[in-house]
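# sequence? don't have it. structure:
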């Protein structure tokens, strides 16, 4: 290589250019001549590389610049590592590569919300549309008025034909409702009834009405055969006249009628039900008909004013406790067709003085005549087989007792418990009754009697 004032060194395969030319080369390294007085700048470890197709501009020599004399230039000294440590001119320093721009992810555009559906505007009803509905309303109104008018006509006709005024419910007096007391001739109009199989059952007063004198007439379309259960219970009735043809007085029919004094029943009456006259404290007189068959349990319980009763022979059954607590009952004749005397039938009849038990009776129940404190004489005709416990207990005034030979069982000494005034017991010789008396220390009070004596 010739020594010139300026030299240029290119790598292999490069083209040497002069000032003012533009070249394209790969790996071109330009060395600037170093003046004798200046310090030689070290080349960087790696020459600045030009990117392919990058243009390098070389400034042209000025026209008025003095011509440079050719001087001999000494061969360049080798560059030591210390010399290469000098900094390169700022123009030749490599620029940092630009940072790649971050690629922002492309977001899908939001789908626009569907526009709200426009509300359907109600079409204004035309006069032609309104007219049918108005006509329908008028029709409905006319029909309703027609129905109402028919009800009014029926009601008026009913009142006029029956010649009765509709009754109103009773007025309230404080918390207790008062009842209208009707006249005797009005009673039948204010009774309620039930028609079944061509027979009428009287079930009581209409709401808000009562009567002091109850007269149940037999002028109904069908015959009155029954007084219903609890029909007049608790009413303030004083007298009762029941119609002919009546067959049955139901359970509790006149229960707790505490003002009731007299009851008249027809000959056709067959049965008096359970507690029919229970607790009728003022009842004094009741005549039982000849066709009566049965008297129910507790039928006359606590009829404290009842003094006597004639029970017809047609009666075959008297229920338990039928006369319990009839404290003023002095006499009662038992029917010849009676089968048994039930338990407590005459319990507590304090005024009862004597009793004759017919031969039709087969058994006497427990405490049947208990606490009959005034009872002095008991005659039991042949036919009775058993006598229950305490049958004659607490009969303080009992003096005379007749026990027939038909008796096969007497339940203990308690039968005569507290009957301390007993003076004589009539029995047949060698009978069960005689043996029972001997076992219970009544031997001294035993007297023998013949069957004929019972009839006398």
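Nice, thanks for sending it over. Remember, predicted model here, so these are calculated numbers, not experimental data.
# Next, count neighbours for residue 158.
The tally of other residues near residue 158 (other C-beta atoms under 10 Å) stands at 11. To be clear about C-beta, it is placed using only N, CA and C from the backbone, and glycine gets the same treatment.
# so where does residue 153 fall, helix or strand?
Using DSSP states H and E, residue 153 sits within helix 127-162.
# and that helix, average pLDDT?
Mean pLDDT, computed over helix 127-162, is 72.
# can you start the count at 727 instead of 1 from here on
In the new count, where the first residue is 727, that last one comes out as helix 853-888.
# show me where the stretch 1027-1176 of the chain has helices.
1158-1165 (DSSP state H, counting those that start in this stretch).
# quick one: low-confidence parts of it?
Applying pLDDT under 70 to the stretch 1027-1176 of the chain picks out residues 1138-1140.
# And the strands in it?
For the stretch 1027-1176 of the chain, strands defined by DSSP state E, counting those that start in this stretch occupy the ranges 1034-1036, 1043-1044, 1057-1059, 1066-1067, 1080-1083, 1089-1090, 1103-1106, 1112-1113, 1126-1128, 1135-1136, 1150-1153, 1172-1174.
# buried residues in the third one?
Of the residues in strand 1057-1059, those buried by neighbour count under the rule 16 or more other C-beta atoms under 10 Å are residue 1058.
# try the first one
By neighbour count, with 16+ other C-beta under 10 Å as the criterion, the buried positions of strand 1034-1036 are residue 1035.
# which helices and strands does that strand pack with?
For strand 1034-1036, the elements it packs on are strand 1057-1059, judged by 3 or more C-beta pairs under 8 Å, 6 or more residues apart in numbering; DSSP states H and E.
# 10 Å instead?
On a contact count with 3 or more C-beta pairs under 10 Å, 6 or more residues apart in numbering; DSSP states H and E, strand 1034-1036 meets strand 1011-1013, strand 1057-1059.
# ok, now the second one?
Under the contact criterion of 3+ C-beta pairs under 10 Å, 6+ apart, strand 1043-1044 touches strand 1020-1021, strand 1066-1067.
# again with the fourth one
Applying 3+ C-beta pairs under 10 Å, 6+ apart, one finds that strand 1066-1067 makes contact with strand 1043-1044, strand 1089-1090.
# Make CSV from these and add mean neighbour count and distance to residue 1036 to it.
Below are the helices and strands packed on strand 1066-1067 laid out as CSV (neighbours: other C-beta atoms under 10 Å; distance: least, C-beta to C-beta, whole Å):
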stretch, mean neighbour count, distance to residue 1036
strand 1043-1044, 21, 13
strand 1089-1090, 21, 21
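# could those strands go into JSON lines alongside distance to residue 1078?
Listed next are those as JSON lines, based on distance: least, C-beta to C-beta, whole Å:
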{"stretch": "strand 1043-1044", "distance to residue 1078": "14"}
{"stretch": "strand 1089-1090", "distance to residue 1078": "15"}
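# Would you mind finding the most buried of the helices and strands packed on strand 1043-1044?
Of the helices and strands packed on strand 1043-1044, the one with the most neighbours on average (mean count of other C-beta atoms under 10 Å) is strand 1066-1067, at a mean of 22.
# if we can go back for a sec, now the helices and strands packed on strand 1043-1044 in a markdown table, with distance to residue 947?
A markdown table is the format used below for the helices and strands packed on strand 1043-1044 (distance: least, C-beta to C-beta, whole Å):
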| stretch | distance to residue 947 |
| --- | --- |
| strand 1020-1021 | 29 |
| strand 1066-1067 | 41 |
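# Export the helices and strands packed on strand 1034-1036 to TSV and append columns for distance to residue 983.
Formatted as TSV, those follow (distance: least, C-beta to C-beta, whole Å):
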stretch	distance to residue 983
strand 1011-1013	12
strand 1057-1059	22
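# how many other residues sit next to residue 1017?
Counted with other C-beta under 10 Å, residue 1017 comes out at 14.
# ok, it - contacts?
Residues in contact with residue 1017 (C-beta atoms under 10 Å, 6 or more residues apart in numbering) are 973, 992-996, 1038, 1040-1041.
# Now with 6 Å, please.
Applying C-beta atoms under 6 Å, 6 or more residues apart in numbering, we find residue 1017 in contact with 993, 1040.
# Check the spacing between it and residue 1026 real quick.
19 Å (C-beta to C-beta, to the nearest Å).
# just residue 1014 next, same as before
11 Å.
# again, but for residue 1020
From residue 1020 to residue 1026 the distance is 13 Å (C-beta to C-beta).
# Nearest to residue 1079, out of the helices and strands packed on strand 1034-1036?
strand 1057-1059 (6.8 Å; C-beta to C-beta).
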